[in-house]
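> Below are the sequence and a predicted model; questions follow.
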Amino acid sequence: MFGPGAVSLGITPTCWTNDDFPTIGADISFEQCVSEIALAGFEGCSVGHKFPTDPRALSQALTLRGLRVSEPWASTYFTVRDMRERTLAGFREQLDFVQEVGGDQVVVAELGHAVHQQAVALAANRPVFDDAAWDALLTGLDELGRMAADRGMFLCYHHHMGTGVQSRADVDRLLAGTDPDLVHLLLDTGHLTLAGDDPLALARDHARRIAHVHLKDVRPDVLEYFRREDPSFHDAVLAGIFTVPGDGMTDFGPLLRALADAGYRGWLVVEAEQDPANAHPLTYAKKAREYLRTLIGR
């Protein structure tokens, strides 16, 4: 499906531990997480909260297991007061970090007024940006994108439930208002499905802007509960809303084909924010890896 060397297969640590809710998987060590990532057959992973903060130590631990960094995360706060300079400084630190560990992408999401880490109904309380907030966000993202591009790196925007950019309409506005050479999209299939939109349609319409992909599946029975009860993001995760590709409701074949036909090159990163007490991480990581092998041939 993809040409030789076009894509790298990664997985996030969220099958093992959770950055938004650190008590989930609190008993699982960094060493167990990355060892099982390698054992499952992946080439890399994103950076989680249990990972070493020293770039040299992290590089040594990953290299030992034949892994690379797919991306670090940088939160942005352009839509709240007095946070622009701190947002720029935080992004600059992440650029330094990922460059030292050999990566070339930084994933960002606007967390100004976000509610996904709060114990509140997710859909009812998600922020809705006014025009001034959108202007601040779009201008800020172009600035971050320029900072990344000047160092030969990429900014990838992650739409996320419970934030001001979660729906297809939000993504469309973000892409229309930013420089396509500076601001790229991270397509997260699970978050877009949970928002009520179609990841395949977005992939077809915006393939040229997509520079990073999170492959996350959704359990249909839990999706019904989510739409009926509007729980907090924390409660939805514990209920098992997300799972790995090959275990939920999504046929990833057409989506991957659409990306391949558009010449996509980059990371395909499995992600399933799950409770490891209920979903054995290595079992699900191997399930996802085998499923992707049937689709892309390796």
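Sure thing, it's come through. Residues are numbered from 1 along each chain as shown.
> Which strand residues bridge the residue most central in space within the chain?
Geometric centre of the chain, nearest residue: His214, 5.2 Å, by Cα atoms, centre = their mean. His214 has these beta-bridge partners by DSSP bridges: Asp188, Val269.
> residues touching it, list them.
Applying Cβ atoms under 8 Å, 6 or more residues apart in numbering to His214 gives the contacts 12, 158, 186-191, 269-271. Yep, even glycine has a C-beta here, placed from its N, CA and C like the rest.
> Let me know the pLDDT of it.
In this model, His214 is scored at 98, pLDDT.
> try the one 5 residues further on
Per-residue confidence for Arg219 comes out at a pLDDT of 98.
> what does Ala288 give?
Predicted confidence (pLDDT) for Ala288: 98.
> and what of Met1?
On pLDDT, Met1 comes in at 88.
> In this structure it contacts Pro254, no?
No. The criterion here is Cβ atoms under 8 Å, and Met1 misses it with Pro254 at 11.1 Å.
> what's the longest helix in the protein?
helix 131-149 (DSSP state H).
> Out of the contacts of His214, give me the two with the largest separation.
His158 and Val270 (15.1 Å; Cβ to Cβ).
> This structure: strands as residue ranges?
7-11, 44-46, 68-71, 73-76, 105-110, 154-158, 183-188, 210-215, 217-218, 242-243, 266-270 (DSSP state E).
> that older thread, could you dump the contacts of His214 into JSON lines with neighbour count and pLDDT added?
Below are these laid out as JSON lines (neighbours: other Cβ atoms under 10 Å; pLDDT from 0 to 100):
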{"residue": "Thr12", "neighbour count": "25", "pLDDT": "98"}
{"residue": "His158", "neighbour count": "20", "pLDDT": "98"}
{"residue": "Leu186", "neighbour count": "25", "pLDDT": "98"}
{"residue": "Leu187", "neighbour count": "25", "pLDDT": "98"}
{"residue": "Asp188", "neighbour count": "25", "pLDDT": "98"}
{"residue": "Thr189", "neighbour count": "24", "pLDDT": "98"}
{"residue": "Gly190", "neighbour count": "24", "pLDDT": "98"}
{"residue": "His191", "neighbour count": "28", "pLDDT": "98"}
{"residue": "Val269", "neighbour count": "24", "pLDDT": "98"}
{"residue": "Val270", "neighbour count": "29", "pLDDT": "98"}
{"residue": "Glu271", "neighbour count": "25", "pLDDT": "97"}
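> Can you convert those into TSV and add a column each for distance to His49?
Formatted as TSV, those follow (distance: Cβ to Cβ, whole Å):
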residue	distance to His49
Thr12	12
His158	16
Leu186	19
Leu187	23
Asp188	19
Thr189	23
Gly190	20
His191	19
Val269	17
Val270	19
Glu271	15
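> Specify which member of these is nearest to Asp230.
Among the contacts of His214, and counting by Cβ to Cβ, the member closest to Asp230 is His191, at 15.8 Å.
> what's the closest one in contact with, if anything?
158-161, 166, 214, 216 are the contacts of His191 under Cβ under 8 Å, 6+ apart.
> about what we covered before: out of the strands of the chain, flag the one nearest Phe129.
Among the strands of the chain, strand 105-110 comes nearest to Phe129, with 8.5 Å by Cβ to Cβ.
> avg pLDDT for that closest one?
Average pLDDT, strand 105-110: 97.
> got a list of contacts for that strand?
The contact list for strand 105-110 (Cβ under 8 Å, 6+ apart) reads 46, 70-79, 91, 94-95, 98, 137, 141, 144, 148, 153-160, 163-165, 186, 211-212, 266-267.
> Can you tell me the strand partners of it and which way each runs?
Strand 105-110 has its sheet partners listed here by DSSP bridges as strand 73-76 (parallel), strand 154-158 (parallel).
> Comparing those, which comes out most buried?
strand 154-158 (a mean of 24; mean count of other Cβ atoms under 10 Å).
> Dump the strands paired with strand 105-110 to a markdown table, plus distance to Ala279.
A markdown table is the format used below for the strands paired with strand 105-110 (distance: least, Cβ to Cβ, whole Å):
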| stretch | distance to Ala279 |
| --- | --- |
| strand 73-76 | 22 |
| strand 154-158 | 22 |
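> Looking at those, which is nearest to Arg65?
Among the strands paired with strand 105-110, strand 73-76 sits nearest to Arg65 (Cβ to Cβ), with 20.9 Å.
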